[in-house]
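Next input, structure requested:
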Amino acid sequence: MVVDHDRSADSRALVEAHVSTGYFEVVSYGDDDARIAAALDRGDAVVGLVIPPGFSRDLRSARGAAVQAIIDG
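Numbers count the residues shown, from 1 in each chain. Next up, the predicted model:
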């Protein structure tokens, strides 16, 4: 599951880079981080990816960008 708060070309490219490996499939997109926990609890997803607002801007800065991966473990 993906929650993309940035909604930029860079954030879409990040998601596509993961999908193109063949190891990941996006089963749903959401606007609320809490939906990830619910999807994991239901077994609808095994990984949630949260892309924060400003991801694209941070990616181009000297400090770099961060994302959050929530894994059903």
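
So what pairs up with the most centrally placed residue in the chain in the strands?
Centroid check for the chain by C-alpha atoms, centre = their mean gives L49 as the closest residue, at 2.7 Å. Judged by DSSP bridges, the bridge partners of L49 are V2, A69.

Check the secondary structure at V15 for me.
Secondary structure state of V15, per DSSP: H, G, I helix; E, B strand; the rest coil, is helix.

Just give the closest residue to Q68, not the sequence neighbours.
In this structure, Q68 finds its nearest non-sequential neighbour in V50, 4.1 Å apart by C-beta to C-beta, 6 or more residues apart in numbering. Placement of C-beta: from N, CA and C, glycine included.

For the one you found, give me its contacts.
3, 5, 33, 36, 67-70 (C-beta atoms under 8 Å, 6 or more residues apart in numbering).

Also A37?
Going by C-beta under 8 Å, 6+ apart, A37 touches 48, 70.

redo that, cut-off 6 Å
Taking C-beta atoms under 6 Å, 6 or more residues apart in numbering, we find A37 in contact with no residue.

tell me which element it falls in.
When elements are assigned from DSSP states H and E, A37 belongs to helix 34-42.

so how far is that helix from its chain's centroid?
Its chain's average C-alpha position is 14 Å from that of helix 34-42, according to C-alpha atoms, centre = their mean, to the nearest Å.

Equivalent analysis for stretch 40-59, please.
Worked out by C-alpha atoms, centre = their mean, stretch 40-59 lies 3 Å from the chain centre.

And it, end to end?
Taking C-alpha to C-alpha, to the nearest Å, the first and last residues of stretch 40-59 lie 28 Å apart.

Adding neighbour count, distance to F24 and pLDDT as columns, could you present the contacts of V50 in JSON lines?
Formatted as JSON lines, the contacts of V50 follow (neighbours: other C-beta atoms under 10 Å; distance: C-beta to C-beta, whole Å; pLDDT from 0 to 100):
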{"residue": "V3", "neighbour count": "20", "distance to F24": "15", "pLDDT": "97"}
{"residue": "H5", "neighbour count": "15", "distance to F24": "19", "pLDDT": "97"}
{"residue": "D33", "neighbour count": "14", "distance to F24": "18", "pLDDT": "92"}
{"residue": "I36", "neighbour count": "24", "distance to F24": "14", "pLDDT": "94"}
{"residue": "V67", "neighbour count": "17", "distance to F24": "13", "pLDDT": "97"}
{"residue": "Q68", "neighbour count": "12", "distance to F24": "15", "pLDDT": "97"}
{"residue": "A69", "neighbour count": "10", "distance to F24": "10", "pLDDT": "96"}
{"residue": "I70", "neighbour count": "18", "distance to F24": "14", "pLDDT": "96"}
